[in-house]
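In: Could you work out the structure for the sequence below:
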Amino acid sequence: MMYETVAAVDLGSNSFRLQVGRVVDDQIYPLDSLKEPVRLATGLTAEKMLDADAQARALVALSRFGERLRGLDSGAVRAVATNTLRVAKNVASFLPQAEEALGFPIEVIAGREEARLIYLGASHSLPTAGHKRLVIDIGGGSTEFVIGKRHEPQLMESLYMGCVSFTMRYFPGGRVDKRRLREAQVAAAKEIELIAHDYQRFGWKEAVGSSGSARAIADILEMNDMNPGGEPGITRAGLERLCSLMVKAGSADALELRGVKGDRLPVLPGGIAIMSAVFEELDIERMTYADGALRLGVLYDLLGRFHHHDMRDATVKHFRKRYQVERDQVDRVEATALSALTQLSDGAPDESDLQYLSWACRLHEIGISVAHNAYHKHGAYILTYADMPGFSKKDQARLAMLVLGHRGKLEKLGVLPPEDSIWRLVFCLRLAVSLHRTRDERALPAWRVSATERGYALELPDAWLARNPWTAAALGEETVVWKQIGREFLVRSGR
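Out: From the prediction side, this is the model:
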């Protein structure tokens, strides 16, 4: 479904941001934006727990966003959470409260997925160019590095360092001196060293900064004529001058410079330290600035889904190729599983359930590339921990659960609520796998599946079951597996 108005919510480690846009001719034009300096990362304890104060600030901000978004369809809004909620150990208890305050689901996205979306947003806010660009985004808890061309990211990485975390660690109380600054720069340099060789070998023509830290530094350098020859953006010489002035002042608060914004001051030292290390390690002399970043990228990714250019479909296709999935077999399984879901849904299955079941069918055998024994466990592990562009961590967990549950005992899925629709998807996938155990082209007979009070029932011709004793035995074993978890699977024979 296409929407005229779309919205993106970015739950960053420093600020929460809302961007509302209007879709006109496949372009997104800003309608409204809100920003709340939540400083979520400051509430992350040494034990990686999000404290009560940070949670309270977050819920207040999300309630405000929720009021602005009231009336929009769920398909027109996408909310993503980044580094702090990636690492917070109590995120599972916080997310339901956050989603209730916002009124929409929240996806916790992986670092490389964040990098992909950042590049998508940055590239849509820059002039079209045929050369490769390096986009760097210093966030509150992580820094993303992406090299791409036009709107296609080609090399992506996310490093665990950000302006909030570095300011807290190296500049307590906002105090800045030469030793503290050097320690922060060295720490950032050690992280960047891990990727520097690959990035320099891949190469780029233009370096671009995005989001708050880059914008704040660029504004200060430009408004105070600190770049050589009045160059726009960020230069190495300008950065060095800014570092010297900050050390001399003793804190960012004491900087008597134009363009220093109050809401950015508390985290400015960490951002400057990381940026100067980026310039040093990647041998950058000059960096331009892009207005678009994560929020705009989320909106364009959402727009792509409306036009059936869903990045998740491309990722599933890549995984099928990468793990050498037997295409004919998974196609047979998919067709049967989707037919079963349609029957169980009275001909009108939920679109999201159809998507997940389809993806799970296509990926259920990827673990065979590791080992045939317990391949469903290998597949679930891959889907849980691999970088999967377009998928949130919750998406991946749901897919992994389907693949894990498609064979073997079902007790391992006991953590799922009985009413969760994933049980129906697991049943459809298991049924399809059982009916196609022979892995050949023989056609299935007329069959019908239906819901019972405690589970499911399958009806197959008596003669077909007699001619296919191996499959009949597999279906018999399946009835026992479902019975062991207190559910029902009946196999009925017909004419």
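
In: Need the contact partners of the helix or strand of the chain with the lowest mean pLDDT.
Out: Least confident helix or strand, the chain: helix 294-306 with a mean of 85, by mean pLDDT, DSSP states H and E. Counting contacts by C-beta atoms under 8 Å, 6 or more residues apart in numbering, the residues outside helix 294-306 that touch it are 1-3, 6-10, 12, 17-19, 21, 23, 26, 28, 33, 76, 78, 80, 82, 114, 116-122, 124-125, 137, 211, 310-311, 390. C-beta here means a position set from N, CA and C on the backbone, and glycine is covered the same way.

In: among those, which are in helices?
Out: Within the contacts of helix 294-306, residues falling in helices by DSSP state H are 114, 116-122, 124, 211, 311.

In: Max pairwise distance over those: which two?
Out: Ser211 and Met311 (21.0 Å; C-beta to C-beta).

In: Between these two, which has more neighbouring residues?
Out: Just comparing Ser211 and Met311: by other C-beta atoms under 10 Å the higher neighbour count belongs to Ser211, 32 against 18.

In: For Leu194, give me its contacts.
Out: Contacts for Leu194 were tallied using C-beta under 8 Å, 6+ apart; they are Leu159.

In: Check which residues of the host helix or strand of Val333 are buried.
Out: Per DSSP states H and E, Val333 falls inside helix 327-344. Buried residues in helix 327-344, counting neighbours by 16 or more other C-beta atoms under 10 Å, are found at 329-330, 332-334, 336-341, 343-344.

In: Filter the contacts of helix 294-306 down to just the buried residues.
Out: Neighbour counting over the contacts of helix 294-306 (16+ other C-beta under 10 Å) leaves 3, 6-10, 12, 17-19, 21, 23, 28, 76, 78, 80, 82, 114, 116-122, 124, 137, 211, 310-311, 390 as the buried ones.

In: Can you spell out which helices and strands pack onto the helix holding Val333?
Out: Contact here means 3 or more C-beta pairs under 8 Å, 6 or more residues apart in numbering; DSSP states H and E; on that basis helix 327-344 packs against helix 351-363, helix 422-435, strand 448-451.

In: Tell me the buried residues in the shortest one?
Out: This points to strand 448-451. Val449.

In: gap between Arg182 and Asn468?
Out: 73 Å (C-beta to C-beta, to the nearest Å).

In: So which of those two has more stuff around it?
Out: Each of Arg182 and Asn468 has its neighbours counted (other C-beta under 10 Å); Asn468 has more, 19 against 14.

In: Chain neighbours aside, what residue packs nearest to the more buried one?
Out: Among residues not flanking Asn468 along the chain, Thr438 sits closest, at 7.8 Å (C-beta to C-beta, 6 or more residues apart in numbering).

In: Please enumerate the strands of the stretch 1-150 of the chain.
Out: For the stretch 1-150 of the chain, strands defined by DSSP state E, counting those that start in this stretch occupy the ranges 5-11, 16-24, 27-36, 77-81, 106-108, 132-138, 143-149.

In: mind giving me the domain ranges of the protein?
Out: As given by automatic domain parsing, the domain ranges for the chain are 5-110+297-304, 126-290, 310-443.

In: Quick check: end-to-end length of the first one?
Out: Between the start and the finish of domain 5-110+297-304 there is a gap of 14 Å, counting by C-alpha to C-alpha, to the nearest Å.

In: Check stretch 415-431 too.
Out: Distance between the two ends of stretch 415-431: 21 Å, counting by C-alpha to C-alpha.

In: Next, the buried residues of it.
Out: 421-431.

In: Switch the residues you listed over to TSV; also include pLDDT and distance to Gly173.
Out: Shown next, in TSV, are these (pLDDT from 0 to 100; distance: C-beta to C-beta, whole Å):
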residue	pLDDT	distance to Gly173
Ser421	88	51
Ile422	92	49
Trp423	93	53
Arg424	94	55
Leu425	96	53
Val426	95	53
Phe427	95	58
Cys428	96	58
Leu429	97	56
Arg430	95	59
Leu431	96	62
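
In: from those residues, which single one is nearest Gln55?
Out: Out of these, the member with the shortest distance to Gln55 (by C-beta to C-beta) is Ile422, at 28.0 Å.

In: Hmm, Leu399 and the closest one touching each other?
Out: No - applying C-beta atoms under 8 Å, one finds Ile422 not in contact with Leu399, separated by 10.2 Å.

In: got any ranges where the stretch 251-400 of the chain has weak pLDDT?
Out: 306-308 (pLDDT under 70).
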